[in-house]
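Peer 1: Kindly generate the corresponding structure for this input.
(2 chains)
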Amino acid sequence: MSTATDTIESLVKQEYKYGFVTDVESESTPPGLSEETIRFISAKKNEPTWLTEWRIKAFQYWQKMPEPTWQFVKYPKIDFQDISYFSQPKPKGDAPKSLDEVDPKLLEMYEKLGIPLRERGRLAGVAVDAIFDSVSVGTTYREDLAKKGIIFCSFSEAVHNHPDLVKKYLGSVVPYTDNYYAALNSAVFTDGSFCYIPKGVRCPMELSTYFRINAAKSGQFERTLIIADDGASVSYLEGCTAPMRDENQLHAAVVELVALETAEIKYSTVQNWYPGDENGVGGIYNFVTKRGLCKGKNSRITWTQVETGSAITWKYPSCILLGDGSKGEFYSVAVVNNMQQADTGTKMIHIGKNTKSTIVSKGISAGRGQNSYRGLVEIRKSAENARNFSQCDSMLIGAKCGAHTFPYIEVKNTTASVEHEASTSKIGEDQIFYCNSRGLETQDAVNMIVNGFCKEVFKELPMEFAVEAQKLLGVSLEGSVG
Amino acid sequence: MSKQPILEIKNLHAGVENKKILKGFSLTINAGEVHALMGLNGSGKSTLAAILAGRDGYEVTEGTVNYLGKDLLELDPEERAREGVFLAFQYPVEIPGVNSTYFLKAALNEIRKHHGFQELDAIEFLNLVKDKIKLLDLNEDLLKRSVNEGFSGGEKKRAEIFQMAVLEPKLAILDETDSGLDIDALKVVSSGVNKLKRPDSAQLVITHYQRLLNYIIPDFVHVMADGRIVKSGGKELALELEANGYEAILKG
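Peer 2: Prediction:
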C-alpha cells in the first residue's frame, strides 16, 4: 500500500494532448518590435490611416511604461525584441475567400482539436471563428447569422466592412493607456473576432472563437470586440490550445465587451494553452486584459472561465457597471499543477445605481503550482444601493503548492452592501479514503471531489462546454494523487 | 451443518509509528451472524475497523486476515469495497458539491462492474433507491443534498446505513454508529441495521455503550482490552457489562 504522501504526490501527470505542431508554410516577420514593425503589420492588413495612427500612439505610450511587477508570479524578463509579431499561414495566391480555399492541413488540425469549422457539422450549432497564429482562418455560419443582422467575422474584416462600429468601440472599454500588455496589444494586434448583435436580437446560437498558436517564437496578440445593442443577447465561447515547445510564448490579448440597455453578454472561456512540462520548461504566458462595460440600464455581463493551461495566467475579466441596475458576474475555476502559476480574479466597478455583482472563484492548486485570487470590488460614490457578493474558495492537493487571496474592497457610498467569503481546504485524505471505501478509485475520487468543488461555476457554463470543462479538469489533475 | 466463515482474523498485531495497538487480536465471523465488539476508549476497536477497511498509515506486523478465502490485507480499499466490505464511518466526511445520489450510484456501479453485472442507469438506480428509502423510513431529501454536507450527526449516520442498504455488503462494519445519536435516531439506525440482516452476510457492530444492543441484538458479544479480545459470550455479556462495568469484567 502506498503511503499517504506518495498518494497525493502522483495525481498530476498527463501529457498535453494538443501539443502537436501543424506543418503549414507560414510567413512571419523576423523577431523585433519598432514603429516599422507596426507599420508593416498595418500595411499587411491594408488598414485605414486612423488605425495605423492609433497603433503608433499605443506603441509610443507602451515604450514609456514600466513593466508591471505587482503580480504574484515569477518569470524571467521577457525580451520583446525576440518575438515575432506577425505570423500567418502562407496564402496560396490571394487570401482564402471561403473555407474551401483554406489549406487542408489547417482544417485537418481543427478537426483534430474537435472544432467544427466545416459547416457540415450543422448539429453542433456553434458558429466558430478560428484564429491560427495571428490570422483568422475562417468563420462559420456567417450567412445564417447575417439574416438576423448579426455581424460575426474576423477583426480585420470588421475594420474594412464595419469601420464605424470598430472606430466607435475599439479602445472604449480597454484604452491603450490601460496597462502594459493592453498597450502592447493595441500596437501590434493582428486579428481577432468581432461581433455585433443588433437591437432586440437574441443570438440563436453560441458564438465561438478558437485560438491556436502554432509558429515557434511567435506571440499571439488578438483583439476581440463584442457589442450587444439595446435588448440584444449573446453567449460567446472561447477556447485555446498551443503546441508543446521548450521556449515560452507570449499571449497578450484584449477582449472588450459592450452591453447597451438591457443587453446581456455571456462570455465563457476554457483556456487550455500549453502549461509547460513538469519542470516548468516552456508553456504560454497568458497575459490578457478582458473587460466588459455594462453601458446601458439593466444590462448584464457574465464572465465564466475555466483556466487549466498556460505556464502563467494573469488576467482579471472585469465589469464596469455604469448603467443603473446593471449586473456583473464572474465565475472562475483556475487550476495550477506542476510549476504553473496563476494570478487571476476580477474587478467589479460599481458606478450606476442599484448595480449588482457576484464573484465566485474556485482555485485548485496541485504539484508545485501557485494560485492567487486577486479581486477588486469598487463602489463609487454615485452607486446608490450597490450590492456585491464574493466567494473565493481554494483547494490544495498535496503539500508543495500554494493558494493566495488578495481581495481589495473600496466603498465610497454608505448604502452599499459588500460581502466577502473565503475558504481554503485541503483535498482530504479522509475524503479520498471515504470514496475508496465505497469502491471508487483514487483518481475518480479526486475528479469527483474537485468537480464538486467547482460545481457552482460549471453550472454557469453552456451545456456542452461544461462537459468539456469537467473532462479537462480530470486530465489536468491526472497523476496529482495516485 | 458447518457455517461459512466470512471473516477470520488470526493473531493480528498492528499499530502506528512504533506504537502497538492490536496485540494478538483473533475473531471469526460466519455468514448470518451479528457480532458486537465492545471496549473502553483506546482498546483498539476503531483501529481494527480502519485496518479492515484498508486505511493508510497502519502497519500490520503479525497475523492474518482472511475474507471469503482472500487475504484481505493484500487488497486496496476500493477492491475490498467491491468485494463486499463496508465500513460505516464513525465520522463520515463531507464532500461538498457532490450529489449524494450521484456518489452512491457511482459506488454501486463500481461494485456491479467488479462482479460482471451491467451498470445501472439513472432510472434503474432511482427505483432501487426509492425501495431502500421506504425500507429504512428515511427522508428522501437527503439524496438531493451533497454527500454529508451540512448533515446533522444523526443524518450522517442514517446516510451511512442508507449507503449500506444500497450497496448490500457481505461484511458490514459499523464503527460506533451509535455515538452522537439521540434515542430516536438510534432506533431508526438500529431498525435499519436489523432489516439489512441476511443469512449470507455478516455484521460487526463496534460500540462503546450497551444501549445500542437494546436495539440491535447480537449473536455474540466480545469485550476488547489492550488490543485483543479478553472475553466473549452471548448477548447477556453486554448486560453484565452494563451492570458491573468494564473493570469487573477485566479483573474477572
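Peer 1: Helix, strand or coil: sort out B:E242 for me.
Peer 2: The three-state label given to B:E242 by DSSP: H, G, I helix; E, B strand; the rest coil is helix.
Peer 1: list the contacts for it?
Peer 2: B:Q210 (Cβ atoms under 8 Å, 6 or more residues apart in numbering or on different chains). Quick note: C-beta positions are derived from backbone N, CA and C, even for glycine.
Peer 1: so where does the residue of chain B found nearest chain A fall, helix or strand?
Peer 2: Closest residue of chain B to chain A, Cβ to the nearest Cβ: B:G97 (3.0 Å). Using DSSP states H and E, B:G97 falls within strand B:95-99.
Peer 1: Pull the distance from that strand to the chain's centre.
Peer 2: The chain centre lies 23 Å from the centre of strand B:95-99; the measure is Cα atoms, centre = their mean, to the nearest Å.
Peer 1: For the stretch 101-250 of chain B, just list every one of the strands.
Peer 2: Applying DSSP state E, counting those that start in this stretch to the stretch 101-250 of chain B gives strands spanning B:146-147, B:171-175, B:202-207, B:220-225, B:228-233.
Peer 1: would you list those in TSV and tack on distance to chain A?
Peer 2: As requested, the strands of the stretch 101-250 of chain B are exported to TSV (distance: least, Cβ to the nearest Cβ, whole Å):
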stretch	distance to chain A
strand B:146-147	7
strand B:171-175	10
strand B:202-207	15
strand B:220-225	22
strand B:228-233	24
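Peer 1: how about the ones you listed in JSON lines, adding mean neighbour count?
Peer 2: Output for these, formatted as JSON lines (neighbours: other Cβ atoms under 10 Å in any protein chain shown):
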{"stretch": "strand B:146-147", "mean neighbour count": "24"}
{"stretch": "strand B:171-175", "mean neighbour count": "25"}
{"stretch": "strand B:202-207", "mean neighbour count": "25"}
{"stretch": "strand B:220-225", "mean neighbour count": "21"}
{"stretch": "strand B:228-233", "mean neighbour count": "16"}
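Peer 1: possible to save these as JSON lines with mean pLDDT?
Peer 2: Conversion of those to JSON lines gives the following (pLDDT from 0 to 100):
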{"stretch": "strand B:146-147", "mean pLDDT": "92"}
{"stretch": "strand B:171-175", "mean pLDDT": "94"}
{"stretch": "strand B:202-207", "mean pLDDT": "93"}
{"stretch": "strand B:220-225", "mean pLDDT": "93"}
{"stretch": "strand B:228-233", "mean pLDDT": "92"}
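Peer 1: TSV for these, including distance to B:E155?
Peer 2: Shown next, in TSV, are the strands of the stretch 101-250 of chain B (distance: least, Cβ to Cβ, whole Å):
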stretch	distance to B:E155
strand B:146-147	12
strand B:171-175	16
strand B:202-207	20
strand B:220-225	28
strand B:228-233	33
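Peer 1: So what's the residue count around B:G116?
Peer 2: Residue neighbour count, defined by other Cβ atoms under 10 Å in any protein chain shown, stands at 6 for B:G116.
Peer 1: Equivalent analysis for the one 5 residues further on, please.
Peer 2: Counted with other Cβ under 10 Å, the neighbours of B:D121 add up to 10.
Peer 1: Spatially central residue in chain A, please.
Peer 2: Nearest to the mean C-alpha position of chain A, by Cα atoms, centre = their mean, lies A:T269 at 5.3 Å.
Peer 1: how much space between that residue and chain B?
Peer 2: Separation of A:T269 from chain B (Cβ to the nearest Cβ, to the nearest Å): 21 Å.
Peer 1: And the helices in chain A, which stretches?
Peer 2: A:4-9, A:35-44, A:49-64, A:104-112, A:142-147, A:155-161, A:163-169, A:180-188, A:429-436, A:442-458, A:463-477 (DSSP state H).
Peer 1: and these, which one is worst for confidence?
Peer 2: Lowest mean pLDDT within these: helix A:4-9, a mean of 37.
Peer 1: Show me what from chain A comes close to chain B.
Peer 2: Applying Cβ under 8 Å from any Cβ of the partner chain, we find that chain A lies next to chain B at A:1-4, A:7, A:428-431, A:433-442, A:444, A:448-449, A:451-456.
Peer 1: Near chain A, which residues of the stretch 151-252 of chain B are found?
Peer 2: B:163, B:167.
Peer 1: make it 10 Å
Peer 2: Taking Cβ under 10 Å from any Cβ of the partner chain, the part of the stretch 151-252 of chain B that reaches chain A is made up of B:163, B:167, B:173.
Peer 1: The residue nearest to A:A403 when sequence neighbours are not counted: what's it in contact with?
Peer 2: Closest residue to A:A403 apart from its sequence neighbours, by Cβ to Cβ, 6 or more residues apart in numbering or on different chains: A:S394 at 3.5 Å. A:S394 makes contact with A:334, A:361-365, A:371-373, A:401-405, A:422-426, A:453 under the criterion Cβ atoms under 10 Å, 6 or more residues apart in numbering or on different chains.
Peer 1: Thought A:S310 was touching the residue nearest to the centre of chain A, still the case?
Peer 2: No. With contact defined as Cβ atoms under 10 Å, A:T269 does not count as touching A:S310 (11.6 Å).
Peer 1: in the sheet, who's paired with residue 225?
Peer 2: Just going to use chain A. A:F194, A:E256 (DSSP bridges).
Peer 1: Please refer instead to chain B.
Peer 2: B:R228.
Peer 1: so who does it touch?
Peer 2: B:38-40, B:42-44, B:231, B:246, B:249-250.
Peer 1: again with B:Y246
Peer 2: B:Y246 sits in contact with B:38-40, B:43, B:208, B:223-225, B:230, where contact means Cβ under 10 Å, 6+ apart.
Peer 1: Where does pLDDT dip in the chain?
Peer 2: Just so you know, I chose chain A. A:1-28, A:88-140, A:211-218, A:240-248, A:463-465, A:468, A:472, A:474-482 (pLDDT under 70).
Peer 1: Actually, chain B is the one I wanted.
Peer 2: B:1-2, B:252.
Peer 1: So which residue is dead centre in it?
Peer 2: Short answer for chain B (Cα atoms, centre = their mean): B:I173, at 1.6 Å.
Peer 1: For that one, give its distance to B:K70.
Peer 2: 16 Å (Cβ to Cβ, to the nearest Å).
Peer 1: Which part of chain A gets nearest to chain B, residue-wise?
Peer 2: Counting by Cβ to the nearest Cβ, chain A gets nearest to chain B through A:G452 (3.0 Å).
Peer 1: What's the local residue count around that residue?
Peer 2: 22.
Peer 1: Pretty sure A:K471 sits against A:F458.
Peer 2: No. Here A:K471 lies out of contact with A:F458, judged by Cβ under 10 Å, at a distance of 11.3 Å.
Peer 1: These two: which has the busier surroundings?
Peer 2: A:F458 (21 against 11).
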